[in-house]
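# Predicted model, plus sequence, below.
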Amino acid sequence: MLLVTDNLFSSSWVEMDCPNVEALILNLSSSDYALPSFIAGMKKLKVFTITNHGASPAKITNFSCLSSLPNLKRIRFEKASVTLLDLPQLRLGSLQKISFVMCSFGEVFYDCVDVDIPKALPSLQEIEIDYCYDLDEVPYWVSHVVSLKTLSVTNCYKLSRLPNDIDNLSKLVVLRLASCFNLCELPETTSELRNLRFLDISHCTGLRKLPLEIRKLQKKLKKISMRKCWICELPGSVVNLENLELI
């Protein structure tokens, strides 16, 4: 199902009954947009995409209508202004992947909330954040999504750090941090990601070093992509990574 609005749209929809819709795409051209309440009735919805074609990120509100969708597996926001704290509070039990492309998050989403993250997002396997220019820190709750297998934060030029307790992500297979120029180092706890197979730090030109104990990843880690990481120092323990292929 495709819904299109322009910059004159008032965000006031006529109530629609669409119980069998499995994929919904909203194409916007407005600066503010409240999600229509009838989305809550789309009980079979599996894929939800918002794409804003306006000049700047559109502020999205009324996320609560997504919290009653038992089959929602994928969400994608493109050029939207959202608060990352909204996501775990929705308690989306079936959500497997969420993507943020060219989004704006503001400055207030790092605060902790009283939400049991593993219970709120028990099925989430992939988080993708790309070209989100105001992101300077990955929010704390990401490191509590224990089901996560892929964390991709790319082209986020202000990103300076990852959560120190990233080692909670015991199932993480892919950690992609390409073209995050302001990232200076990885947490030492990265070396505790025992299922990590691919680490992509290519074009992270400000990265100075890898964790000293990276040798602990010797059983699973197969590839480190570090193109144009000119100043990054490799610790001596890299020689213990028997299956490693540097790119």
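Everything's here; your move. Numbering: from 1, shown residues only.
# Identify the residues contacting Tyr131.
Contacts for Tyr131 (CB atoms under 8 Å, 6 or more residues apart in numbering) come out as 101-102, 154-156. In short, each C-beta sits where N, CA and C put it, glycine included.
# Can you show me the helices along this structure?
86-89, 117-120 (DSSP state H).
# Low-confidence ranges, the protein, go.
Counting by pLDDT under 70, the chain has low-confidence residues at 1-15, 107-113, 237, 240, 242, 246-247.
# which residues in it form strands?
With DSSP state E as the criterion, the chain has strands at 2-4, 23-28, 32-34, 47-52, 58-61, 74-78, 80-81, 97-101, 126-130, 150-154, 174-176, 198-200, 223-225, 245-246.
# With mean neighbour count added, can I get these in a markdown table?
Listed next are the strands of the chain as a markdown table, based on neighbours: other CB atoms under 10 Å:
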| stretch | mean neighbour count |
| --- | --- |
| strand 2-4 | 12 |
| strand 23-28 | 18 |
| strand 32-34 | 16 |
| strand 47-52 | 20 |
| strand 58-61 | 20 |
| strand 74-78 | 20 |
| strand 80-81 | 22 |
| strand 97-101 | 19 |
| strand 126-130 | 19 |
| strand 150-154 | 19 |
| strand 174-176 | 20 |
| strand 198-200 | 20 |
| strand 223-225 | 18 |
| strand 245-246 | 11 |
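# Please work out which of the helices of the chain is packed deepest.
Among the helices of the chain, helix 86-89 has the highest mean neighbour count (mean count of other CB atoms under 10 Å), at a mean of 20.
# got the CA positions of it in CSV?
C-alpha atoms of helix 86-89 as CSV (Å, rounded to 0.1, in the frame of the first residue of the first chain):
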residue,chain,number,x,y,z
ASP,A,86,10.7,6.1,21.0
LEU,A,87,11.6,2.7,19.5
PRO,A,88,12.2,0.5,22.6
GLN,A,89,9.1,2.0,24.3
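# residue nearest the centroid of this protein?
Note on the chain: the residue nearest the mean C-alpha position is Ile127, at 3.3 Å, using CA atoms, centre = their mean.
# what pairs with that residue across the strands?
Taking DSSP bridges as the rule, Ile127 bridges to Ile98, Leu151.
# could you dump the strands of the chain to TSV with distance to Asp17?
Putting the strands of the chain into TSV (distance: least, CB to CB, whole Å) gives the following:
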stretch	distance to Asp17
strand 2-4	14
strand 23-28	14
strand 32-34	19
strand 47-52	18
strand 58-61	23
strand 74-78	22
strand 80-81	26
strand 97-101	27
strand 126-130	32
strand 150-154	36
strand 174-176	40
strand 198-200	45
strand 223-225	48
strand 245-246	54
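# Quick check: the residue lying closest to Pro139 once chain neighbours are set aside vs Ser68, distance?
In space, and not counting its chain neighbours, Pro139 is closest to Leu84: 5.0 Å by CB to CB, 6 or more residues apart in numbering. Here Leu84 is placed at a distance of 21 Å from Ser68 (CB to CB, to the nearest Å).
# Those two: which is more packed in?
Leu84 (22 against 14; other CB atoms under 10 Å).
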